[in-house]
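Novice: build the 3D model from these lines:
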Amino acid sequence: MEPHSRVQWVYEARDNDDLQQRYDQWGAEYDRDMIQGLGYAGPRETAERFAAYVPKDAKVLDAGAGTGLVGEELHRLGYTDSAAIDMSDGMLTEARAKGVYGELRRMMLGKRLDFPSNTFGGTICVGVLTFGHAPASSLREFVRVTRPGGHVVFSLRPDIYESHGVKDMQDELVDSGLWKLVEVTEPSLSRTKGDELTYHQVWVYEVMSR
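Specialist: Next up, the predicted model:
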């Protein structure tokens, strides 16, 4: 299956169980498909924005870590205390082999995360707030597990910003005084290869005292 076709195959999952099974199957070939086949730029670009705000000695949550591409970038940038969570055991197996996380656990975004409040100095989420994947409500949990003064950094496709409830959730968290916007980048290509141009933006929020 061609890389673009495999991405579409994943987006066509019927429910979370089906989505998990498809990612389990894809795990061993994910990095090759996304990096070599599609030129996936999201992990590097988002990690570099993260590094502009989060100290290197912070405990970091990589939410929806997949095969650990973001973890590799964080490790390259000097982060040594990172936890990875993902719904797919197959993806986490690949992430574990990279040796860049201190903790890897299977969790489902959109549900309450199995971490105490204020656990992390920063939370990063790349390519997960998208069609048929993590719901907008995941952002509320990112705020809960990130300590006040820490940052939540995530990538988001501009074409789903309003249509999938993410904008409403972002605004709700601002209005509630739970976080404040620090930066949003201009749209840029999240995949630099292939026939379909896909754009993303990186959003940075600071978690407020609560």
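Novice: residue 78 and residue 55, how far apart?
Specialist: For residue 78, the distance to residue 55 (C-beta to C-beta, to the nearest Å) stands at 10 Å. In short, each C-beta sits where N, CA and C put it, glycine included.
Novice: where does the chain have low pLDDT?
Specialist: 195 (pLDDT under 70).
Novice: all strands of it, in order?
Specialist: Here the chain has its strands, by DSSP state E, at 60-63, 82-86, 103-106, 120-125, 146-156, 179-184, 188-191, 198-207.
Novice: what are the buried residues along the longest one?
Specialist: Taking 16 or more other C-beta atoms under 10 Å as the basis for neighbour counts, the residues of strand 146-156 that come out buried are 146, 147, 150, 151, 152, 153, 154, 155, 156.
Novice: ok, now the third one?
Specialist: Residues of strand 103-106 classed as buried: residue 104 (neighbour count, 16+ other C-beta under 10 Å).
Novice: give me the contacts around it.
Specialist: 65, 82-89, 92, 95-96, 114 (C-beta atoms under 8 Å, 6 or more residues apart in numbering).
Novice: how about a cut-off of 6 Å?
Specialist: 83, 84, 85, 92, 95, 96 (C-beta atoms under 6 Å, 6 or more residues apart in numbering).
Novice: whichever of these end up buried, select them in ChimeraX.
Specialist: Buried residues within the contacts of strand 103-106, by 16+ other C-beta under 10 Å, are selected in ChimeraX with:
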select :83,84,85,92,95
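Novice: now, the most widely separated pair of the buried residues of strand 146-156?
Specialist: Using C-beta to C-beta, the buried residues of strand 146-156 reach their maximum pairwise distance at 147 and 156, which is 22.8 Å.
Novice: please produce JSON lines containing the buried residues of strand 146-156, extended by distance to residue 21.
Specialist: Shown next, in JSON lines, are the buried residues of strand 146-156 (distance: C-beta to C-beta, whole Å):
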{"residue": "146", "distance to residue 21": "30"}
{"residue": "147", "distance to residue 21": "35"}
{"residue": "150", "distance to residue 21": "34"}
{"residue": "151", "distance to residue 21": "33"}
{"residue": "152", "distance to residue 21": "29"}
{"residue": "153", "distance to residue 21": "29"}
{"residue": "154", "distance to residue 21": "25"}
{"residue": "155", "distance to residue 21": "24"}
{"residue": "156", "distance to residue 21": "25"}
